[in-house]
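Visitor: next come a sequence and a model predicted from it.
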Amino acid sequence: LTMYANDLLTTPVNLAGLPGISVPCGLAENGRPIGLQLIGKPFDEKTLYRVAHQYETQFNLHDQYQKL
């Protein structure tokens with residue numbers, strides 16, 4: 001059941017046939033990362049990638065996280 005609960009917020013996008021991507025958008029008070037899910041138009045992954053890249057570049061949030 002836990003495995004399915006983790007997919008709760010991503011499965012509807014997949015079932016609808018829409019492209020989706022998650023980008024980092026900051027850290028919670030406890031230091032855990034927070035993500036932003038972007039959803040695009042059908043078959044328009046190119047625009048979605050551009051928006052995600054621009055967002056990460058503009059706010060420089062991808063450098064906040066420790067490397068695993």
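Guide: Here it is on my side, so go on.
Visitor: just name the shakiest helix or strand of the chain by mean pLDDT.
Guide: For the chain, counting by mean pLDDT, DSSP states H and E, helix 2-6 ranks last in confidence among helices and strands (a mean of 71).
Visitor: so in the protein, which helix runs the longest?
Guide: As assigned by DSSP state H, the longest helix anywhere in the chain is helix 45-59.
Visitor: against which helices or strands is that helix packed?
Guide: Where contact means 3 or more C-beta pairs under 8 Å, 6 or more residues apart in numbering; DSSP states H and E, helix 45-59 is packed against strand 20-27, strand 33-39. To be clear about C-beta, it is placed using only N, CA and C from the backbone, and glycine gets the same treatment.
Visitor: any idea which of those strands is most buried?
Guide: The highest mean neighbour count among these, using mean count of other C-beta atoms under 10 Å, belongs to strand 20-27: a mean of 15.
Visitor: for residue 36, which non-adjacent residue is closest in space?
Guide: residue 25 (4.1 Å; C-beta to C-beta, 6 or more residues apart in numbering).
Visitor: my read is that that neighbour contacts residue 61, right?
Guide: Yes - between residue 25 and residue 61 there is a contact under C-beta atoms under 8 Å: 6.1 Å.
Visitor: centroid residue for this structure?
Guide: For the chain, residue 22 is the residue whose C-alpha lies nearest the centre (C-alpha atoms, centre = their mean; 0.8 Å).
Visitor: okay, now the unreliable bits of this structure?
Guide: For the chain, the stretches with pLDDT under 70 are 1, 62-68.
Visitor: try it again with 90
Guide: The chain contains residues with pLDDT under 90 at 1-15, 24-28, 31-35, 59-68.
Visitor: which ones are touching the residue nearest to residue 36?
Guide: 34-36, 59, 61 (C-beta atoms under 8 Å, 6 or more residues apart in numbering).
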